[in-house]
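S.K.: quick one: sequence plus predicted model below, questions after.
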Amino acid sequence: MPARHTPTPRLSVDGLSVTYRGSRPNPAVTGVSFSIGVGESLAIVGESGSGKSSVARSLGGLLQGKADVSWESMAIDDTRFVPGDVEAGVGGVAGRLLSYVFQEPKAYLNPSLRIGGQLCEILGIHLKLGRREAEREAVELLDHVGIPDAARRMNDYPHQLSGGLAQRVAIAMAIAPRPAVLVADEPTSSLDVTVAARVVALLRRLQRDRGMALLHITHNLYLAARSSDRVAVMYAGEFVEVGTAADVLRNGAMPYTRGLLAAAPAADGRTRMRPIPGSPPDMREPSTGCRFAPRCAHVHAGCAHDVGLRTVADGHHVRCTLVEG
Ligand SMILES: Nc1ncnc2c1ncn2[C@@H]1O[C@H](COP(=O)(O)OP(=O)(O)OP(=O)(O)O)[C@@H](O)[C@H]1O
């Protein structure tokens, strides 16, 4: 299984598919497989509409009622899920195992409750802590995510926090139930570059310290490489390249990966956007070959057939006829 290599996976997913309902059903994710080990992180990167968020949201049952979600197998630690289980949502069985951090922290912090109270409530529900214990743990959590003067900040309301601090509080809430898997969906998109870098560093530290599997969704390949041990490049509902951050950044072999690199603002903030010409396919139209072919400068007759993910080096897989399988 190409995107799977870890000896002790915390999260493993095989053959995940998501089809949005409607008069013309939209197959946004078609057969994605990956695993993430203890204390390991995987970033999924791709243009808008490639299906990254659909992968993230389907795991916790957040697409219930909107999309048909299926998989061949899915497990978090020793718990295996059949599709109906996870459809129960993050408040259900998966909620104790998997938590989310989203782009806009203030959208899901309760504006009328002090942050300490919100954290204590989570700790009471998930860890069954009494009030004193929950308060002590909440201060520790806020301190752990880098909130200065954590004990005093417990009394703050969300509107008193900057965007960066609010995201740290949201991260504290997400890790409070001690989940096995943390899914961070564009967690830094609303933050400026310096604050974003600190939040990414925080997620990395927490993932390692707490042995969580971190799934980071981002459209920025450089941020993906900085945040994660491995990177999966997604295009039109499927993974087109998977490897270590170094494999993908330095030896990215799929023309789409190289296009994303050229299109991304560089790590030093110097903008050198060279957008990839053309636009992604309409997934509702049937296709057989490489889905990137219509936009690819290297297209040839062989691209009319999907070659699947080919192994080019240990742990490095590319869905392209240009590489030897
Ligand atoms: N609620 C929805 N109903 C119908 N189609 C949807 C819905 N959400 C997403 N889609 C479609 O699914 C496809 C994948 O979208 P998704 O949001 O997963 O991509 P993404 O890579 O995360 O992009 P973005 O960064 O813009 O969120 C797109 O074609 C999108 O239009």
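M.R.: Here it is on my side, so go on.

S.K.: drop to CA atoms for contacts and neighbour counts, all remaining ones
M.R.: Noted.

S.K.: residues contacting Ser48?
M.R.: His219 (Cα atoms under 8 Å, 6 or more residues apart in numbering).

S.K.: check the secondary structure at it for me.
M.R.: Assigned with DSSP: H, G, I helix; E, B strand; the rest coil, Ser48 falls in the coil class.

S.K.: and it, how far is that from Val248?
M.R.: Distance of Ser48 to Val248, computed by Cα to Cα, to the nearest Å: 19 Å.

S.K.: tell me which stretches of the stretch 101-250 of the chain form strands.
M.R.: Per DSSP state E, counting those that start in this stretch, the stretch 101-250 of the chain carries strands over the ranges 181-185, 213-218, 230-235, 238-244.

S.K.: helices of the chain, start to end?
M.R.: Using DSSP state H, the helices of the chain run over 52-59, 83-86, 105-108, 115-127, 131-144, 150-153, 163-175, 193-209, 221-227, 245-251, 255-263.

S.K.: among those, which is nearest Ser35?
M.R.: Judged by Cα to Cα, the one of the helices of the chain that comes nearest to Ser35 is helix 52-59, at 12.6 Å.

S.K.: so which residues on the stretch 1-150 of the chain come close to the ligand?
M.R.: Contacts of the stretch 1-150 of the chain with the ligand, taken as Cα under 6 Å from any ligand atom, map to Tyr20, Ala28, Gly46, Glu47, Ser48, Gly49, Ser50, Gly51, Lys52, Ser53, Ser54, Lys66.

S.K.: could you check the pLDDT of Ala266?
M.R.: Ala266 carries a pLDDT value of 61.

S.K.: what about Ala232, how many residues nearby?
M.R.: Around Ala232 there are 29 other residues, counting by other Cα atoms under 10 Å.

S.K.: okay, and the beta partners of it?
M.R.: Beta-bridge partners for Ala232, by DSSP bridges, are Ile44, Val242.

S.K.: wait, it sits on Glu238?
M.R.: No: shown here, Ala232 and Glu238 do not form a contact pair, counting by Cα atoms under 8 Å, at 9.6 Å.

S.K.: list the contacts of Ala245.
M.R.: For Ala245, the contacting residues are Ala224, Ala225, Arg226, Ser228, Asp229, Arg230, Val231, by Cα under 8 Å, 6+ apart.

S.K.: could you give the number of residues near the third one?
M.R.: It stands for Arg226. Neighbours of Arg226 using other Cα under 10 Å come to 18.

S.K.: do you know how far it is from Phe102?
M.R.: With Cα to Cα as the criterion, Arg226 and Phe102 are 19 Å apart.

S.K.: what is the neighbour count of Arg230?
M.R.: Count around Arg230 with other Cα under 10 Å applied: 25.

S.K.: grab the nearest non-local neighbour of it.
M.R.: Sequence neighbours aside, Thr244 is the residue nearest to Arg230 in space, at 4.1 Å (criterion: Cα to Cα, 6 or more residues apart in numbering).

S.K.: what's around the one you found, how many residues?
M.R.: As a burial measure, Thr244 scores 21 neighbours (other Cα under 10 Å).

S.K.: coming back round to it: need the residues of the stretch 1-150 of the chain next to the ligand in CSV with pLDDT, can you?
M.R.: Shown next, in CSV, are those (pLDDT from 0 to 100):
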residue, pLDDT
Tyr20, 97
Ala28, 97
Gly46, 94
Glu47, 92
Ser48, 92
Gly49, 93
Ser50, 96
Gly51, 97
Lys52, 97
Ser53, 96
Ser54, 97
Lys66, 93
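
S.K.: narrow those residues to those that are buried.
M.R.: Buried members of these, scored by 16 or more other Cα atoms under 10 Å, are Tyr20, Ala28, Gly46, Glu47, Ser50, Gly51, Lys52, Ser53, Ser54.

S.K.: ok, back up a step: right, and the residue nearest to Arg230 touches Asp229 too?
M.R.: Yes: Thr244 lies in contact with Asp229 (Cα under 8 Å); the separation is 5.8 Å.

S.K.: can you pull out the low-pLDDT segments for the stretch 201-325 of the chain?
M.R.: 266-272 (pLDDT under 70).

S.K.: let's see that with 80 instead.
M.R.: 264-273, 325 (pLDDT under 80).

S.K.: OK, now which residue of it is nearest to the ligand?
M.R.: His219 (6.4 Å; Cα to the nearest ligand atom).

S.K.: okay, now that residue: neighbour count?
M.R.: 21.

S.K.: could you do the one 5 residues further on as well?
M.R.: Residues lying near Ala224 (other Cα under 10 Å) number 25.

S.K.: ok, it - contacts?
M.R.: Per Cα under 8 Å, 6+ apart, neighbours of Ala224: Ala43, Ile44, Val45, His216, Ile217, Thr218, Val231, Ala245.

S.K.: need these in CSV (columns: distance to Met154).
M.R.: Formatted as CSV, the contacts of Ala224 follow (distance: Cα to Cα, whole Å):
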residue, distance to Met154
Ala43, 32
Ile44, 34
Val45, 35
His216, 27
Ile217, 29
Thr218, 30
Val231, 36
Ala245, 37
